[in-house]
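Enquirer: starting from these lines, generate the structure:
(one chain, ligands or ions: 2)
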Amino acid sequence: MAKTALITGITGQDGAYLAQFLLEKGYRVWGAFRRSSTVNLERLEYLGIRDKVELVPLDLLDLGNIIRVLEKVQPDEVYNLAAQSFVAVSFEQPVVTGEITGLGAARMLEAVRIVNPQIKFYQASSSEMFGKVQAVPQNENTPFYPRSPYAAAKLYAHWMTVNYREAYGIFACSGILFNHESPLRGLEFVTRKITYTVAQIKHGLARELRLGNLEARRDWGYAPEYVEAMWLMLQQDEPDDYVIATGETHSVKEFAQEAFACVGLDWRDYVVEDPAFYRPADVELLVGDATKAQQKLGWRPRTTFKELVRLMVEADLKRVGDRCGR
Ligand code: NAP
Ligand code: G4F
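Expert: Ligands and ions are numbered 1, 2, ... in the order given. Model prediction:
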């Protein structure tokens, strides 16, 4: 019998890639979206799976709604990817970020406990929880030090996932994923902002790229490979938590340099450092150690930093070019 999966955050980057991956594995996939005046299914359309995913309205703010969705869908696996996921906005909206990103995960776990504790549960945790890092590189044993309302909310969700596993025996896993990017990344995140603006500049539609902290370093991987790790975690004999990362770190400046080089331009001619994009507190360095995932899940990253930058730039060159008829 085909397994059934429910993905919250189906309209986001990871939701789309995970849906595609599970459909290829023969799953029946339900995608949960929150009601809005215009539901954005662009990413599912981009991947050509819009009609293959069954959609159901679900808001992480509403426990009754979540319970009814679980009763209707009867999933074998739930992937909780929904969140207010933009760190910068979490400083402006700390309470709603806590409600969605933190308490939202608790509502999902509580609904699983009430409806069917046999459901396997994946929580989208984040390397942001390491924040002001206490060790380099970061692995599952590194102490957390959140540096934003987003990270604090994710840390609460992480510990609730561990707690529901230990207290109620729920098969609940927390994937501590480092930054992962793709052509489906939201435009507000720095990698996509860079590759999209590079494409605009190349097509003569923009003249500069305004960025904040150029020295921040991240461990950037390729999103389609990271959703495979989510699935692998739920296929193990025992639930556990895993760091998923490439083990390489690069600065925002290096990303910009590489992206401009892809189109034969010098980043220094276009990038303007603008304090408007600084954060009240930033995470300066992230680099993950995914040895546990390699050994226990057999997972390892395949796309290099240079390949990632190039594939994002090329996708944006095509998109921007198509839009302006070139
Ligand atoms: P994303 O593109 O920002 O997608 C977030 C999703 O959450 C969207 O579908 C959004 O729906 C949905 N959502 C927001 N508030 C909701 C609510 N109240 N109820 C139901 N759905 C809601 O994020 P992503 O990059 O795919 O990341 C997926 C998850 O992994 C997130 O939890 C993120 O925090 C976490 N994570 C991401 C990374 C990364 O590098 N990408 C790394 C570590 C962890 P709308 O379309 O309606 O806004
Ligand atoms: O691309 P970012 O906004 O991603 P950030 O803050 O690392 O968060 C992302 O990854 C997390 C995993 O570690 C996820 F949990 C989270 O949901 C999200 O997907 O910023 C990366 C770095 C920051 O240090 C930021 O200050 O880039 C710096 N930056 C410099 N200029 C900028 C900009 N970030 C953005 N978004 N826009 C800028 O203009």
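Enquirer: list the contacts of the spatially closest residue to Leu232 that is not a sequence neighbour.
Expert: What sits nearest to Leu232 in space, not counting adjacent residues and going by C-beta to C-beta, 6 or more residues apart in numbering, is Leu297, at 4.2 Å. No exception for glycine: its C-beta is placed from N, CA and C like everyone else's. Contact analysis of Leu297 by C-beta atoms under 8 Å, 6 or more residues apart in numbering lists Ala229, Leu232, Met233, Gln236, Tyr242.
Enquirer: just the buried residues of those residues.
Expert: Buried by 16 or more other C-beta atoms under 10 Å: Ala229, Leu232, Met233, Tyr242, out of the contacts of Leu297.
Enquirer: rewinding a little: report the two of the contacts of Leu297 separated the most.
Expert: Farthest apart among the contacts of Leu297 by C-beta to C-beta are Ala229 and Gln236. That separation is 11.3 Å.
Enquirer: can you pull the residues of this structure lying near ligand 2?
Expert: 85, 87-88, 126-128, 178-179, 188-190, 193, 211-213, 216, 218, 252, 277, 279, 282-283, 286 (C-beta under 6 Å from any ligand atom).
Enquirer: and these near ligand 1, which?
Expert: Ser85, Ser126, Asn179.
Enquirer: check contacts around the second one.
Expert: For Ser126, the residues meeting the contact criterion (C-beta under 8 Å, 6+ apart) are Tyr150, Ala151, Lys154, Ile176, Leu177.
Enquirer: among the buried ones among the contacts of Leu297, which are in helices?
Expert: If you go by DSSP state H, the buried ones among the contacts of Leu297 have Ala229, Leu232, Met233 in helices.
Enquirer: returning to that earlier point: turn the ones next to ligand 1 among the residues of the chain next to ligand 2 into JSON lines, including distance to Phe144 and secondary structure.
Expert: JSON lines is the format used below for those (distance: C-beta to C-beta, whole Å; DSSP: H, G, I helix; E, B strand; the rest coil):
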{"residue": "Ser85", "distance to Phe144": "18", "secondary structure": "coil"}
{"residue": "Ser126", "distance to Phe144": "10", "secondary structure": "strand"}
{"residue": "Asn179", "distance to Phe144": "17", "secondary structure": "coil"}
